[in-house]
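Novice: no sequence for this one, just the structure:
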């Protein structure tokens, strides 16, 4: 023992490259690690591999024409980017969106939130060494993919929302199918809990790992489930409401530190599991309420030419948190400047400051628990 | 607190450093005001720390290029979780040397957003801990979100443009359409049909058909209505017609 202690452990610092194609980096992401054995001195994220200059493209397309591009901001949750762009444009032109379209947006949005969280949770479990939950999550996701495909013809890049409404009304029998799936899905979340969430090994890998306190989370501009996992009660749907969310009942789960400390990796996982339950609840309510509104009344009245002068900022609660779009118009067909503010981008910033002193394996837990998606970082 | 109240509170403290409140009538659009670049750090610290303002969340930092005004604006969207109010602050910088103090000490969220702003718009944030390019490669030239940005033709031998794929796939006009020795409609109708029919048949039939051609033309010149119809409308019949002519060509060969 003494021998070991006498030998001062000042081994060489090793520089390690993680990514851009490391399977646990969720897309094309790269980290440059400075390690001392298994312990990190520093992890520097290197992003930009998927930069497609969407903001520049926006300056060259029309307001309607940019809608399909917004799908590509976050391919796992395209509905929210659609909704954010539509909301921003509707604010410019003061368009009244029909109630039925708003309900459809809420339904598709919440379904999208569920499948995005399923991917996130499944991947996190897989990154930490449990493969089965990923298969289970993808199986559930497949059902929803089919629903959305039936609704709008696409499984990933939906392009479903329109400025002033949505593209298609629900097909016959669709609501019943979705409700049936909801009945099937809720017990499946409990099963998911038994399988992985409260699994001993998993809990040991996640509890008390890389704690982000509420204050830090706000300071770093962390949003969405990650912010709530740090114990901050904030959800755009409830606190800065848009669409039909004021009429709906749902809880906003926050991290409670059930097995560790508030703001650890486990809380970020658990908050997403709870959000899936809440989203199912919202889908049920919406499907009940949507029948009161006339069929096919899904498109509001737009001015003939979409031209806008001024600036507007609109944000929605995406699966990865506050997704904001800031548009400046100069009275032309194209916007003058568009800025897309995404949850993944700001979440990535905190990794460097959180990395010193943790294990390499814990870095994997941190990355997957904050659920970054590479195209949303790079845009 | 609405933007106007925030503006007045700031103006009473900082005087002229906060100016030009841009009020907006439409209900959903946010008003904004300017802050002078040299006072930006102090104003932002005050915005964060004053208990009645408490803007603890920096939502969005945007650089906007205005070549006609000769300015670059940095727009900050600030939000307060405590009071649930938002404000938009802008800093106007000269376009030739856009420099302002970094805000990453005020809100850590500004760290990466300032890097992005430097990368794409070219605003220099003085005192930033790590002002490197974030989206583009380190040796990239220029800032693409400036309005006068010109894309280079290539980057390290990788072309930044590609030929129009439609050009590559352009359909060439069929050569047969150009050959028209005698401008007779009937002959033009007849010829391709006869060729097709011959191609379907045995290879030597082609030669036969080639031999046959003048005859066919003559036939067309004679204007037998049923032959014309057969050739133009009904291919199978045209084939039959060709088959009918075959024995004759065989005879000719014999």
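Specialist: Cool, got the structure. In this text the structure is predicted, and so the values were computed from the model without any measurement.

Novice: quick check: whichever residue of the stretch 101-250 of chain B sits closest to chain A vs residue A:374, distance?
Specialist: Of all residues in the stretch 101-250 of chain B, residue B:109 sits closest to chain A, at 2.9 Å by C-beta to the nearest C-beta. No exception for glycine: its C-beta is placed from N, CA and C like everyone else's. Note on residue B:109: its distance to residue A:374, by C-beta to C-beta, to the nearest Å, is 20 Å.

Novice: and if you look at residue B:147?
Specialist: 28 Å.

Novice: which of these two has more residues huddled nearby?
Specialist: Legend: neighbour count by other C-beta atoms under 10 Å in any protein chain shown for residue B:147 and residue A:374, higher for residue A:374 (23 against 13).

Novice: what about residue A:233, how many residues nearby?
Specialist: Using other C-beta under 10 Å, residue A:233 is surrounded by 13 other residues.

Novice: please apply the same query to residue B:153.
Specialist: Residue B:153: 8 neighbours (other C-beta under 10 Å).

Novice: surely it and residue B:161 touch.
Specialist: Yes. Using C-beta atoms under 8 Å, residue B:153 is in contact with residue B:161, at 7.0 Å.

Novice: now the end-to-end length of stretch A:122-136.
Specialist: Chord length of stretch A:122-136, first to last residue, is 8 Å (C-alpha to C-alpha, to the nearest Å).

Novice: ditto for stretch A:300-308
Specialist: 17 Å.

Novice: over to stretch A:366-379?
Specialist: 22 Å.

Novice: run the chain-centre distance for that stretch.
Specialist: 9 Å (C-alpha atoms, centre = their mean, to the nearest Å).

Novice: for that stretch, give the mean pLDDT please.
Specialist: For stretch A:366-379, mean pLDDT rounds to 85.

Novice: stretch B:90-106 now?
Specialist: Rounded mean pLDDT across stretch B:90-106 is 88.

Novice: buried sites along that stretch?
Specialist: B:90, B:91, B:92, B:93, B:95, B:98, B:100, B:101, B:102, B:103, B:104, B:106 (16 or more other C-beta atoms under 10 Å in any protein chain shown).

Novice: same thing with stretch A:194-209?
Specialist: A:195, A:196, A:197, A:199, A:202, A:203, A:205, A:206, A:207, A:209.

Novice: now pLDDT and secondary structure too, for these, in a markdown table please.
Specialist: Converted to a markdown table, the buried residues of stretch A:194-209 look like this (pLDDT from 0 to 100; DSSP: H, G, I helix; E, B strand; the rest coil):
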| residue | pLDDT | secondary structure |
| --- | --- | --- |
| A:195 | 86 | helix |
| A:196 | 86 | helix |
| A:197 | 85 | helix |
| A:199 | 86 | coil |
| A:202 | 88 | helix |
| A:203 | 89 | helix |
| A:205 | 86 | helix |
| A:206 | 86 | helix |
| A:207 | 86 | coil |
| A:209 | 86 | coil |
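
Novice: chain B - how does it break down into domains?
Specialist: Split into domains by automatic domain parsing, chain B comes to B:3-147, B:176-253.

Novice: what about residue 139, how many neighbours?
Specialist: No chain specified, so I'll use chain A. Neighbours of residue A:139 using other C-beta under 10 Å come to 12.

Novice: that's the other chain; I wanted chain B
Specialist: Residue B:139: 8 surrounding residues under other C-beta under 10 Å.

Novice: re earlier: the residue of the stretch 101-250 of chain B closest to chain A is in contact with residue A:349, isn't it?
Specialist: Yes. Counting by C-beta under 8 Å, residue B:109 touches residue A:349, with 6.8 Å between them.

Novice: what touches both of these two?
Specialist: A:220, A:221 (C-beta atoms under 8 Å, 6 or more residues apart in numbering or on different chains).

Novice: sorry, back to before: ok, so of the buried residues of stretch A:194-209, who is nearest chain B?
Specialist: For these, the closest approach to chain B (C-beta to the nearest C-beta) belongs to residue A:209, at 20.6 Å.

Novice: ok, and the closest non-adjacent residue to that closest one?
Specialist: residue A:265 (4.5 Å; C-beta to C-beta, 6 or more residues apart in numbering or on different chains).

Novice: show me the contacts for the one you found.
Specialist: A:205, A:206, A:207, A:209, A:210, A:365, A:366, A:369 are the contacts of residue A:265 under C-beta under 8 Å, 6+ apart.

Novice: okay, now the unreliable bits of chain A?
Specialist: Filtered on pLDDT under 70, chain A yields the residue ranges A:1-11, A:22-25.

Novice: which ones are touching the residue in it that chain B sits nearest to?
Specialist: Closest residue of chain A to chain B, C-beta to the nearest C-beta: residue A:221 (2.9 Å). Under the criterion of C-beta under 8 Å, 6+ apart, the neighbours of residue A:221 are A:346, A:349, B:57, B:58, B:59, B:107, B:108, B:109, B:113.

Novice: can I get those residues in TSV with secondary structure?
Specialist: Putting these into TSV (DSSP: H, G, I helix; E, B strand; the rest coil) gives the following:
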residue	secondary structure
A:346	helix
A:349	helix
B:57	strand
B:58	strand
B:59	strand
B:107	coil
B:108	coil
B:109	coil
B:113	helix
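
Novice: up against chain A, what does chain B have?
Specialist: Within reach of chain A by C-beta under 8 Å from any C-beta of the partner chain, chain B has these residues: B:24, B:26, B:28-30, B:32, B:56-60, B:62, B:64-65, B:75, B:77, B:81, B:84, B:88, B:107-109, B:111-113, B:116, B:120, B:133-137, B:144-145.

Novice: circling back to that earlier point, got the phi and psi for the residue nearest to residue A:209?
Specialist: phi -60, psi -40 (degrees, to the nearest 10).

Novice: could you do residue B:32 as well?
Specialist: phi -150, psi 160.

Novice: hmm, stretch A:89-102 touching chain B?
Specialist: Yes. Using C-beta under 8 Å from any C-beta, stretch A:89-102 reaches chain B at A:91, A:92, A:94.

Novice: identify each buried residue in that stretch, please.
Specialist: A:89, A:90, A:91, A:92, A:93, A:95, A:97, A:98, A:99, A:100, A:101, A:102.

Novice: tell me the two of those that are most distant?
Specialist: Using C-beta to C-beta, the buried residues of stretch A:89-102 span at most 22.3 Å, a distance reached by A:92 and A:100.

Novice: among the buried residues of stretch B:90-106, which lie within strands?
Specialist: Taking DSSP state E, the ones among the buried residues of stretch B:90-106 that sit in strands are B:90, B:91, B:92, B:93, B:100, B:101.

Novice: ranges for the strands of the chain?
Specialist: Since you didn't name a chain, this refers to chain A. Taking DSSP E as the criterion, chain A carries its strands at A:14-18, A:30-36, A:39-46, A:161-162, A:165-166, A:309-318, A:321-330, A:335-341.

Novice: um, chain B though
Specialist: Per DSSP E, chain B carries strands over the ranges B:18-22, B:32-35, B:57-66, B:71-79, B:86-94, B:99-101, B:124-126, B:154-155, B:158-159.

Novice: where is the longest helix in chain A?
Specialist: Scanning chain A for the helix with the most residues, using DSSP state H, yields helix A:99-127.

Novice: on that earlier part again, turn the contacts of residue A:221 into CSV, columns for distance to residue A:71 and neighbour count.
Specialist: Shown next, in CSV, are those (distance: C-beta to C-beta, whole Å; neighbours: other C-beta atoms under 10 Å in any protein chain shown):
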residue, distance to residue A:71, neighbour count
A:346, 21, 29
A:349, 25, 23
B:57, 27, 26
B:58, 27, 26
B:59, 23, 23
B:107, 30, 24
B:108, 30, 20
B:109, 26, 25
B:113, 24, 28
